[in-house]
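Engineer: Sequence below, structure please.
(one chain, ligands or ions: 1)
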Amino acid sequence: MFNLNPSHWERHRSLGTYDVVIIGTGMVGLWTAYLYLLRKPGKKVLLLDKLPSGQAGASTRNAGFACFGSPTELLDDLRHEKEEDVIQRLRWRYEGLISWRGHFEADQLDWCPENGHEVFTNGEKDSYHSVLASLEHLNALAKAANIPGKVYQIGKAVGPQLPHSIQICHEAGLHPGKGHQALTSRVLELGGHLHRGILVPQKSEWTRIDQTWKIPTSQGIVYTSQVVIAANAWSSELLPHLDVIPGRGQILLTSAISELPFQGTYHADAGYIYFRNVGKRLLLGGGRNVFRQAEESHQAMTTAEVQIYLEAYARDVLLPNIPFEVEERWAGIMAFSSDGSKMPYVHSEGEDCFVAARMGGMGVALSPVVGQQMAVMLH
Ligand SMILES: Cc1cc2nc3c(=O)[nH]c(=O)nc-3n(C[C@H](O)[C@H](O)[C@H](O)COP(=O)(O)OP(=O)(O)OC[C@H]3O[C@@H](n4cnc5c(N)ncnc54)[C@H](O)[C@@H]3O)c2cc1C
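Structural biologist: The predicted structure follows:
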(Lines give C-alpha, C1' and ligand atoms only; values in the text may rest on other atoms or scores of the structure.)
Protein backbone atom coordinates (compact mmCIF):
# COMPACT_ATOMS: atom_id res chain seq x y z
CA MET A 1 0.00 0.00 0.00
CA PHE A 2 2.88 2.38 0.81
CA ASN A 3 4.52 2.08 -2.57
CA LEU A 4 1.70 3.12 -4.91
CA ASN A 5 3.12 5.32 -7.64
CA PRO A 6 1.59 8.79 -7.47
CA SER A 7 -1.30 9.46 -9.83
CA HIS A 8 -1.59 12.60 -11.96
CA TRP A 9 -4.44 13.75 -9.67
CA GLU A 10 -2.38 13.27 -6.51
CA ARG A 11 0.55 15.25 -7.84
CA HIS A 12 -1.47 18.08 -9.35
CA ARG A 13 -3.31 19.52 -6.37
CA SER A 14 -2.39 22.02 -3.68
CA LEU A 15 -1.48 20.79 -0.21
CA GLY A 16 -1.75 24.33 1.14
CA THR A 17 0.32 27.42 1.85
CA TYR A 18 2.63 27.60 4.87
CA ASP A 19 5.05 29.95 6.61
CA VAL A 20 7.60 27.16 6.99
CA VAL A 21 7.95 23.73 5.40
CA ILE A 22 10.43 21.35 7.05
CA ILE A 23 11.66 18.40 5.00
CA GLY A 24 12.40 15.54 7.38
CA THR A 25 10.55 14.53 10.55
CA GLY A 26 13.58 13.23 12.42
CA MET A 27 14.64 14.79 15.70
CA VAL A 28 16.16 17.80 13.92
CA GLY A 29 13.03 18.60 11.92
CA LEU A 30 10.81 18.09 14.96
CA TRP A 31 12.95 20.16 17.36
CA THR A 32 13.07 22.93 14.74
CA ALA A 33 9.28 22.94 14.36
CA TYR A 34 8.66 22.73 18.11
CA LEU A 35 11.01 25.54 19.12
CA TYR A 36 9.91 27.73 16.19
CA LEU A 37 6.23 27.32 17.13
CA LEU A 38 7.07 28.17 20.76
CA ARG A 39 8.78 31.37 19.54
CA LYS A 40 6.15 32.24 16.94
CA PRO A 41 2.78 30.84 18.00
CA GLY A 42 0.20 30.74 15.23
CA LYS A 43 2.67 30.35 12.36
CA LYS A 44 1.70 27.68 9.82
CA VAL A 45 4.33 24.93 9.83
CA LEU A 46 4.26 21.74 7.76
CA LEU A 47 6.64 18.80 8.23
CA LEU A 48 7.09 16.32 5.39
CA ASP A 49 8.72 12.89 5.38
CA LYS A 50 8.97 10.23 2.73
CA LEU A 51 8.77 7.44 5.34
CA PRO A 52 5.39 6.16 6.52
CA SER A 53 3.99 6.35 10.06
CA GLY A 54 6.35 7.20 12.94
CA GLN A 55 9.63 6.17 11.33
CA ALA A 56 12.67 8.33 10.61
CA GLY A 57 15.95 7.63 8.84
CA ALA A 58 18.02 7.62 12.05
CA SER A 59 16.02 9.27 14.84
CA THR A 60 13.81 6.26 15.63
CA ARG A 61 16.49 3.68 14.82
CA ASN A 62 19.51 4.74 16.90
CA ALA A 63 21.01 3.41 20.11
CA GLY A 64 19.55 6.05 22.42
CA PHE A 65 22.82 7.33 23.87
CA ALA A 66 22.36 10.77 25.36
CA CYS A 67 26.09 11.43 25.09
CA PHE A 68 28.40 14.39 24.55
CA GLY A 69 31.86 12.94 23.97
CA SER A 70 33.93 9.94 25.02
CA PRO A 71 37.62 10.45 25.84
CA THR A 72 39.16 8.84 22.73
CA GLU A 73 36.62 10.66 20.53
CA LEU A 74 37.62 14.04 21.98
CA LEU A 75 41.35 13.28 21.83
CA ASP A 76 40.96 12.25 18.19
CA ASP A 77 38.95 15.43 17.45
CA LEU A 78 41.75 17.51 18.98
CA ARG A 79 44.19 16.02 16.47
CA HIS A 80 42.08 17.34 13.55
CA GLU A 81 40.24 20.38 14.86
CA LYS A 82 40.83 23.59 16.73
CA GLU A 83 40.28 23.18 20.45
CA GLU A 84 37.59 25.90 20.41
CA ASP A 85 35.55 23.90 17.88
CA VAL A 86 35.81 20.76 20.01
CA ILE A 87 34.66 22.73 23.05
CA GLN A 88 31.80 24.33 21.13
CA ARG A 89 30.42 20.97 19.98
CA LEU A 90 30.83 19.59 23.51
CA ARG A 91 28.85 22.56 24.81
CA TRP A 92 26.10 22.12 22.19
CA ARG A 93 25.76 18.42 22.95
CA TYR A 94 25.58 18.97 26.70
CA GLU A 95 23.06 21.79 26.24
CA GLY A 96 21.05 19.44 24.00
CA LEU A 97 20.78 16.90 26.80
CA ILE A 98 19.69 19.62 29.21
CA SER A 99 17.02 20.68 26.69
CA TRP A 100 15.59 17.17 26.41
CA ARG A 101 15.24 17.02 30.19
CA GLY A 102 14.01 20.59 30.42
CA HIS A 103 11.16 20.02 27.97
CA PHE A 104 10.17 16.44 28.86
CA GLU A 105 9.72 14.35 31.99
CA ALA A 106 12.10 11.43 32.53
CA ASP A 107 9.34 8.85 31.97
CA GLN A 108 8.36 10.42 28.62
CA LEU A 109 11.86 9.54 27.41
CA ASP A 110 12.68 6.46 29.55
CA TRP A 111 15.64 8.58 30.65
CA CYS A 112 18.25 6.35 32.39
CA PRO A 113 20.79 8.56 34.19
CA GLU A 114 23.35 5.80 34.74
CA ASN A 115 26.37 7.66 33.31
CA GLY A 116 28.30 6.94 30.15
CA HIS A 117 31.54 4.97 29.95
CA GLU A 118 34.38 4.29 27.58
CA VAL A 119 35.89 0.83 27.96
CA PHE A 120 39.20 -0.69 26.87
CA THR A 121 40.50 -4.22 26.34
CA ASN A 122 43.91 -5.33 27.58
CA GLY A 123 45.14 -4.91 24.00
CA GLU A 124 44.08 -1.25 24.12
CA LYS A 125 46.22 -0.46 27.16
CA ASP A 126 48.19 2.20 25.29
CA SER A 127 45.02 4.02 24.32
CA TYR A 128 43.75 3.75 27.92
CA HIS A 129 47.04 5.13 29.27
CA SER A 130 46.99 8.09 26.90
CA VAL A 131 43.43 8.83 28.09
CA LEU A 132 44.62 8.61 31.71
CA ALA A 133 47.45 11.02 30.91
CA SER A 134 44.90 13.42 29.38
CA LEU A 135 42.20 13.22 32.07
CA GLU A 136 42.98 16.66 33.41
CA HIS A 137 42.88 18.16 29.92
CA LEU A 138 39.59 16.39 29.16
CA ASN A 139 38.04 17.73 32.35
CA ALA A 140 39.30 21.20 31.45
CA LEU A 141 37.55 20.92 28.06
CA ALA A 142 34.34 19.87 29.80
CA LYS A 143 34.63 22.79 32.21
CA ALA A 144 35.17 25.20 29.30
CA ALA A 145 31.97 23.74 27.78
CA ASN A 146 30.10 24.57 31.04
CA ILE A 147 29.61 20.94 32.02
CA PRO A 148 29.61 20.86 35.83
CA GLY A 149 31.71 18.68 38.12
CA LYS A 150 34.51 16.26 37.37
CA VAL A 151 33.11 14.73 34.19
CA TYR A 152 35.78 12.16 33.25
CA GLN A 153 36.88 9.75 36.00
CA ILE A 154 38.43 6.30 36.25
CA GLY A 155 35.59 3.75 36.23
CA LYS A 156 35.07 0.08 37.03
CA ALA A 157 36.02 -2.90 34.85
CA VAL A 158 33.28 -4.48 32.73
CA GLY A 159 34.34 -8.09 33.16
CA PRO A 160 37.67 -9.73 32.35
CA GLN A 161 37.74 -8.70 28.68
CA LEU A 162 37.23 -4.99 29.39
CA PRO A 163 39.37 -4.33 32.46
CA HIS A 164 39.73 -0.55 32.02
CA SER A 165 37.05 2.10 31.90
CA ILE A 166 36.49 5.84 32.14
CA GLN A 167 33.19 7.01 33.54
CA ILE A 168 31.48 10.01 31.91
CA CYS A 169 29.20 11.85 34.34
CA HIS A 170 25.89 13.34 33.09
CA GLU A 171 25.64 11.04 30.08
CA ALA A 172 22.50 8.89 30.00
CA GLY A 173 20.35 6.56 27.93
CA LEU A 174 16.93 7.32 26.46
CA HIS A 175 14.23 5.66 24.36
CA PRO A 176 14.49 7.40 20.97
CA GLY A 177 11.10 6.11 19.82
CA LYS A 178 9.41 7.67 22.84
CA GLY A 179 11.41 10.89 22.45
CA HIS A 180 10.42 11.13 18.78
CA GLN A 181 6.76 10.50 19.64
CA ALA A 182 6.77 13.01 22.52
CA LEU A 183 8.23 15.66 20.22
CA THR A 184 5.72 14.86 17.48
CA SER A 185 2.86 15.30 19.95
CA ARG A 186 4.23 18.68 21.06
CA VAL A 187 4.45 19.91 17.46
CA LEU A 188 0.87 18.81 16.77
CA GLU A 189 -0.37 20.39 20.02
CA LEU A 190 1.16 23.69 18.92
CA GLY A 191 -0.74 23.51 15.63
CA GLY A 192 2.00 22.07 13.40
CA HIS A 193 0.98 19.92 10.42
CA LEU A 194 2.56 16.64 9.42
CA HIS A 195 2.39 14.61 6.18
CA ARG A 196 4.24 11.33 5.90
CA GLY A 197 4.82 9.12 2.88
CA ILE A 198 5.61 12.20 0.76
CA LEU A 199 8.78 12.49 -1.31
CA VAL A 200 10.17 15.99 -1.91
CA PRO A 201 12.21 16.29 -5.13
CA GLN A 202 15.57 18.06 -5.33
CA LYS A 203 15.63 21.82 -5.02
CA SER A 204 16.30 22.43 -8.71
CA GLU A 205 12.69 21.31 -9.34
CA TRP A 206 11.20 23.91 -6.97
CA THR A 207 10.29 27.37 -8.21
CA ARG A 208 10.27 30.70 -6.38
CA ILE A 209 7.72 33.32 -7.34
CA ASP A 210 7.07 36.51 -5.33
CA GLN A 211 8.97 35.23 -2.27
CA THR A 212 7.01 31.97 -2.23
CA TRP A 213 8.48 28.53 -2.88
CA LYS A 214 6.36 26.18 -5.01
CA ILE A 215 7.44 22.61 -4.22
CA PRO A 216 6.04 19.79 -6.37
CA THR A 217 5.97 16.76 -4.01
CA SER A 218 4.85 13.23 -4.84
CA GLN A 219 1.44 13.98 -3.29
CA GLY A 220 0.75 17.52 -4.42
CA ILE A 221 2.11 21.05 -4.54
CA VAL A 222 3.19 22.81 -1.37
CA TYR A 223 3.55 26.61 -1.18
CA THR A 224 5.71 28.17 1.52
CA SER A 225 7.70 31.30 2.39
CA GLN A 226 10.55 29.37 4.03
CA VAL A 227 11.98 25.86 3.74
CA VAL A 228 14.23 23.89 6.10
CA ILE A 229 16.03 20.87 4.70
CA ALA A 230 16.38 18.54 7.71
CA ALA A 231 16.85 15.42 5.61
CA ASN A 232 20.21 14.42 7.16
CA ALA A 233 21.72 11.55 5.09
CA TRP A 234 19.49 12.46 2.12
CA SER A 235 20.18 16.21 2.19
CA SER A 236 22.55 15.95 -0.76
CA GLU A 237 19.75 14.41 -2.85
CA LEU A 238 17.88 17.69 -2.35
CA LEU A 239 20.97 19.91 -2.62
CA PRO A 240 23.70 18.04 -4.53
CA HIS A 241 26.49 20.48 -3.58
CA LEU A 242 26.28 19.46 0.10
CA ASP A 243 29.04 17.14 1.28
CA VAL A 244 27.06 14.32 2.90
CA ILE A 245 28.12 10.67 2.98
CA PRO A 246 25.62 8.13 4.32
CA GLY A 247 26.80 5.79 7.05
CA ARG A 248 24.69 2.81 8.02
CA GLY A 249 24.56 1.80 11.67
CA GLN A 250 23.45 -1.70 12.59
CA ILE A 251 22.12 -2.87 15.94
CA LEU A 252 21.18 -6.10 17.68
CA LEU A 253 19.09 -6.53 20.83
CA THR A 254 19.22 -9.72 22.91
CA SER A 255 16.56 -11.38 25.03
CA ALA A 256 16.62 -10.65 28.76
CA ILE A 257 19.83 -11.80 30.48
CA SER A 258 19.40 -12.27 34.22
CA GLU A 259 23.08 -11.70 35.04
CA LEU A 260 23.73 -8.85 32.58
CA PRO A 261 27.02 -7.53 34.01
CA PHE A 262 26.57 -3.78 33.31
CA GLN A 263 24.08 -0.90 33.36
CA GLY A 264 24.42 2.36 31.46
CA THR A 265 25.81 3.38 28.08
CA TYR A 266 29.23 2.23 26.86
CA HIS A 267 31.59 3.16 24.02
CA ALA A 268 34.35 0.76 22.96
CA ASP A 269 36.87 0.49 20.11
CA ALA A 270 37.26 4.30 19.85
CA GLY A 271 33.46 4.67 19.65
CA TYR A 272 32.96 2.27 16.73
CA ILE A 273 31.28 -0.21 19.10
CA TYR A 274 28.54 0.91 21.46
CA PHE A 275 26.44 -1.06 23.90
CA ARG A 276 23.98 -0.46 26.71
CA ASN A 277 21.40 -2.23 28.79
CA VAL A 278 17.75 -1.90 27.82
CA GLY A 279 16.24 -3.22 31.02
CA LYS A 280 17.90 -6.63 31.27
CA ARG A 281 18.62 -6.85 27.55
CA LEU A 282 21.87 -6.02 25.77
CA LEU A 283 21.72 -3.53 22.89
CA LEU A 284 24.90 -3.63 20.80
CA GLY A 285 25.71 -1.67 17.67
CA GLY A 286 28.57 -0.54 15.47
CA GLY A 287 31.27 -2.16 13.37
CA ARG A 288 30.98 0.44 10.59
CA ASN A 289 34.76 0.93 10.60
CA VAL A 290 35.37 -2.74 9.72
CA PHE A 291 32.92 -2.79 6.80
CA ARG A 292 33.30 0.86 5.80
CA GLN A 293 32.61 0.66 2.06
CA ALA A 294 29.56 -1.60 2.37
CA GLU A 295 28.15 0.57 5.15
CA GLU A 296 28.28 3.79 3.08
CA SER A 297 24.70 3.02 2.15
CA HIS A 298 21.25 4.59 2.19
CA GLN A 299 19.63 1.14 2.54
CA ALA A 300 18.37 0.70 6.10
CA MET A 301 18.84 -3.06 6.18
CA THR A 302 20.99 -5.37 8.28
CA THR A 303 23.70 -7.53 6.70
CA ALA A 304 24.97 -10.95 7.77
CA GLU A 305 28.61 -9.74 7.89
CA VAL A 306 28.03 -6.93 10.38
CA GLN A 307 25.58 -8.91 12.48
CA ILE A 308 28.02 -11.85 12.76
CA TYR A 309 30.73 -9.38 13.79
CA LEU A 310 28.47 -7.88 16.47
CA GLU A 311 27.38 -11.28 17.74
CA ALA A 312 31.02 -12.37 18.04
CA TYR A 313 31.77 -9.23 20.06
CA ALA A 314 28.80 -9.94 22.35
CA ARG A 315 29.83 -13.58 22.80
CA ASP A 316 33.61 -13.14 23.16
CA VAL A 317 33.98 -9.75 24.87
CA LEU A 318 30.75 -8.74 26.62
CA LEU A 319 29.10 -11.97 27.66
CA PRO A 320 31.72 -14.76 27.74
CA ASN A 321 30.10 -17.90 29.21
CA ILE A 322 26.69 -16.19 29.47
CA PRO A 323 24.12 -17.67 27.06
CA PHE A 324 22.00 -15.18 25.11
CA GLU A 325 19.70 -15.01 22.12
CA VAL A 326 19.40 -12.17 19.62
CA GLU A 327 15.75 -11.15 19.43
CA GLU A 328 15.81 -8.06 17.22
CA ARG A 329 18.05 -6.51 14.59
CA TRP A 330 17.71 -3.26 12.67
CA ALA A 331 19.67 -0.58 10.83
CA GLY A 332 19.45 3.19 10.43
CA ILE A 333 21.29 5.73 8.31
CA MET A 334 23.59 8.47 9.64
CA ALA A 335 25.17 11.38 7.76
CA PHE A 336 28.91 12.17 7.72
CA SER A 337 31.24 14.41 5.74
CA SER A 338 33.78 13.13 3.20
CA ASP A 339 36.65 15.08 4.80
CA GLY A 340 36.03 14.00 8.41
CA SER A 341 34.55 17.32 9.50
CA LYS A 342 32.16 16.73 12.37
CA MET A 343 30.44 20.09 12.37
CA PRO A 344 26.78 19.83 11.36
CA TYR A 345 25.34 21.95 8.58
CA VAL A 346 23.23 24.75 10.09
CA HIS A 347 23.02 27.55 7.54
CA SER A 348 21.01 29.52 5.02
CA GLU A 349 21.23 28.73 1.30
CA GLY A 350 19.65 32.11 0.55
CA GLU A 351 16.09 32.93 -0.56
CA ASP A 352 14.71 31.64 2.77
CA CYS A 353 15.95 28.10 2.22
CA PHE A 354 17.87 26.63 5.18
CA VAL A 355 19.82 23.45 5.92
CA ALA A 356 20.02 21.63 9.27
CA ALA A 357 21.72 18.32 8.56
CA ARG A 358 24.75 15.99 8.84
CA MET A 359 24.46 15.07 12.50
CA GLY A 360 26.94 12.16 12.43
CA GLY A 361 26.42 9.88 15.43
CA MET A 362 25.50 12.82 17.67
CA GLY A 363 21.99 13.83 16.58
CA VAL A 364 20.19 12.86 19.79
CA ALA A 365 22.20 15.43 21.73
CA LEU A 366 22.67 17.96 18.93
CA SER A 367 19.08 18.13 17.66
CA PRO A 368 17.63 20.48 20.33
CA VAL A 369 20.47 22.98 19.83
CA VAL A 370 20.40 22.76 16.03
CA GLY A 371 16.60 23.13 16.21
CA GLN A 372 17.01 26.22 18.37
CA GLN A 373 19.56 27.73 15.95
CA MET A 374 17.16 27.10 13.04
CA ALA A 375 14.17 28.47 14.95
CA VAL A 376 16.06 31.74 15.44
CA MET A 377 17.09 31.98 11.75
CA LEU A 378 13.49 31.62 10.56
CA HIS A 379 11.27 34.71 10.49
C1 LIG B 1 22.25 2.76 14.39
C2 LIG B 1 22.40 4.18 14.82
C3 LIG B 1 22.78 4.46 16.13
C4 LIG B 1 22.89 5.78 16.55
N5 LIG B 1 23.11 6.02 17.87
C6 LIG B 1 23.09 7.29 18.31
C7 LIG B 1 23.19 7.58 19.68
O8 LIG B 1 23.20 6.66 20.50
N9 LIG B 1 23.23 8.87 20.08
C10 LIG B 1 23.17 9.89 19.18
O11 LIG B 1 23.25 11.06 19.59
N12 LIG B 1 23.02 9.66 17.87
C13 LIG B 1 22.97 8.40 17.43
N14 LIG B 1 22.80 8.15 16.11
C15 LIG B 1 22.69 9.29 15.20
C16 LIG B 1 21.32 9.97 15.33
O17 LIG B 1 20.29 9.00 15.30
C18 LIG B 1 21.17 10.95 14.18
O19 LIG B 1 22.25 11.87 14.21
C20 LIG B 1 19.87 11.76 14.29
O21 LIG B 1 18.78 10.92 14.50
C22 LIG B 1 19.70 12.57 13.02
O23 LIG B 1 18.43 13.19 13.06
P24 LIG B 1 17.88 13.93 11.79
O25 LIG B 1 16.55 14.46 12.14
O26 LIG B 1 18.91 14.87 11.29
O27 LIG B 1 17.79 12.79 10.67
P28 LIG B 1 16.76 11.58 10.42
O29 LIG B 1 16.24 11.03 11.69
O30 LIG B 1 17.42 10.64 9.48
O31 LIG B 1 15.56 12.31 9.70
C32 LIG B 1 15.66 12.78 8.37
C33 LIG B 1 14.37 12.44 7.66
O34 LIG B 1 14.32 13.10 6.38
C35 LIG B 1 13.51 12.30 5.56
N36 LIG B 1 13.78 12.63 4.16
C37 LIG B 1 14.96 12.56 3.54
N38 LIG B 1 14.86 12.96 2.27
C39 LIG B 1 13.56 13.26 2.07
C40 LIG B 1 12.82 13.72 0.94
N41 LIG B 1 13.41 13.94 -0.24
N42 LIG B 1 11.50 13.92 1.07
C43 LIG B 1 10.88 13.68 2.25
N44 LIG B 1 11.53 13.25 3.36
C45 LIG B 1 12.87 13.05 3.27
C46 LIG B 1 13.93 10.87 5.91
O47 LIG B 1 12.94 9.93 5.55
C48 LIG B 1 14.20 10.96 7.40
O49 LIG B 1 13.13 10.45 8.17
C50 LIG B 1 22.68 6.85 15.64
C51 LIG B 1 22.28 6.56 14.34
C52 LIG B 1 22.13 5.25 13.92
C53 LIG B 1 21.68 4.97 12.53
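Engineer: partner residues bridging the one residue in the stretch 101-250 of the chain that gets nearest to the ligand?
Structural biologist: The stretch 101-250 of the chain approaches the ligand most closely through G249 (2.7 Å), counting by CB to the nearest ligand atom. The way it works is simple: take the backbone N, C-alpha and C, and place the C-beta from them, glycine included. Note on G249: beta-bridge partners G332, judged by DSSP bridges.
Engineer: Report the contact partners of it.
Structural biologist: With CB atoms under 8 Å, 6 or more residues apart in numbering as the criterion, the residues that contact G249 are 58, 61-63, 285-286, 288, 295, 331-334, 361.
Engineer: if you set the cut-off to 6 Å instead, what comes out?
Structural biologist: G249 makes contact with G285, G332, M334 under the criterion CB atoms under 6 Å, 6 or more residues apart in numbering.
Engineer: and the first one, that one's in a strand?
Structural biologist: Yes. Counting by DSSP: H, G, I helix; E, B strand; the rest coil, G285 is located in a strand.
Engineer: For it, the count of nearby residues, please.
Structural biologist: Counted by other CB atoms under 10 Å, the residues lying close to G285 total 26.
Engineer: nearest residue to it other than its sequence neighbours?
Structural biologist: In space, G285 comes closest to I251 once its chain neighbours are excluded; the distance is 4.0 Å by CB to CB, 6 or more residues apart in numbering.
Engineer: Could you report the neighbour count for that neighbour?
Structural biologist: 23.
Engineer: Looks to me like it is in a strand.
Structural biologist: Yes. The assignment for I251 by three-state DSSP puts it in a strand.
Engineer: For the ligand, see how far away it is.
Structural biologist: With the distance defined as CB to the nearest ligand atom, to the nearest Å, I251 ends up 5 Å from the ligand.
Engineer: Please apply the same query to W330.
Structural biologist: Using CB to the nearest ligand atom, we find W330 at a distance of 8 Å from the ligand.
Engineer: Out of the contacts of G249, flag the one nearest to the ligand.
Structural biologist: The shortest approach to the ligand among these belongs to G332, at 2.9 Å (CB to the nearest ligand atom).
Engineer: wait, isn't that closest one in contact with R61?
Structural biologist: Yes. When contacts are counted by CB atoms under 6 Å, G332 is listed as touching R61 (3.0 Å).
Engineer: Low-confidence ranges, the stretch 1-150 of the chain, go.
Structural biologist: Counting by pLDDT under 70, the stretch 1-150 of the chain contains low-confidence ranges at 1-3.
Engineer: Run through the strands of it in chain order.
Structural biologist: With DSSP state E, counting those that start in this stretch as the definition, the stretch 1-150 of the chain shows strands at residue ranges 14-23, 45-49, 65-66, 116-120.
Engineer: dump the residue contacts of S255.
Structural biologist: Applying CB under 6 Å, 6+ apart, the residues contacting S255 are E325, E327.
Engineer: rerun that using 8 Å as the cut-off
Structural biologist: Taking CB under 8 Å, 6+ apart, we find S255 in contact with R281, F324, E325, V326, E327.
Engineer: quick one, helices of this structure?
Structural biologist: Per DSSP state H, the chain has helices spanning 8-11, 27-39, 71-80, 83-103, 106-109, 125-144, 176-189, 235-238, 292-295, 304-313, 363-377. These are given in chain order.
Engineer: Give me the domain ranges for the chain.
Structural biologist: The record assigns the chain these domain ranges, following automatic domain parsing: 8-61+177-243+341-377, 112-170+245-336.
Engineer: Dump those into a markdown table; add distance to D77 as well.
Structural biologist: Converted to a markdown table, those look like this (distance: least, CB to CB, whole Å):
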| stretch | distance to D77 |
| --- | --- |
| domain 8-61+177-243+341-377 | 7 |
| domain 112-170+245-336 | 10 |
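Engineer: ranking the ones you listed by burial, who's on top?
Structural biologist: Among those, judged by mean count of other CB atoms under 10 Å, the one packed with the most neighbours on average is domain 8-61+177-243+341-377 (a mean of 20).
Engineer: Could you list everything the spatially closest residue to C112 that is not a sequence neighbour pairs with in the sheet?
Structural biologist: Ranked by CB to CB, 6+ apart and with sequence neighbours excluded, the top spatial neighbour of C112 is G173, at 4.1 Å. For G173, the beta-bridge assignment (DSSP bridges) gives partners F65, C112.
Engineer: quick one: buried residues of stretch 92-111?
Structural biologist: When neighbours are counted by 16 or more other CB atoms under 10 Å, the buried residues of stretch 92-111 are found to be 92-97, 99-100, 103-104, 108-111.
Engineer: Can I get the helices of the chain in a markdown table including distance to H347?
Structural biologist: As requested, the helices of the chain are arranged in a markdown table below (distance: least, CB to CB, whole Å):
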| stretch | distance to H347 |
| --- | --- |
| helix 8-11 | 30 |
| helix 27-39 | 13 |
| helix 71-80 | 21 |
| helix 83-103 | 15 |
| helix 106-109 | 29 |
| helix 125-144 | 25 |
| helix 176-189 | 23 |
| helix 235-238 | 12 |
| helix 292-295 | 27 |
| helix 304-313 | 33 |
| helix 363-377 | 8 |
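Engineer: Tell me which of these lies nearest to T265.
Structural biologist: Closest approach to T265 among these is made by helix 363-377 (10.8 Å; CB to CB).
Engineer: any chance of the buried residues of stretch 92-111 in JSON lines, plus distance to A365?
Structural biologist: Formatted as JSON lines, the entries for the buried residues of stretch 92-111 read as follows, by distance: CB to CB, whole Å:
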{"residue": "W92", "distance to A365": "8"}
{"residue": "R93", "distance to A365": "4"}
{"residue": "Y94", "distance to A365": "8"}
{"residue": "E95", "distance to A365": "9"}
{"residue": "G96", "distance to A365": "4"}
{"residue": "L97", "distance to A365": "6"}
{"residue": "S99", "distance to A365": "9"}
{"residue": "W100", "distance to A365": "8"}
{"residue": "H103", "distance to A365": "14"}
{"residue": "F104", "distance to A365": "14"}
{"residue": "Q108", "distance to A365": "17"}
{"residue": "L109", "distance to A365": "13"}
{"residue": "D110", "distance to A365": "16"}
{"residue": "W111", "distance to A365": "13"}
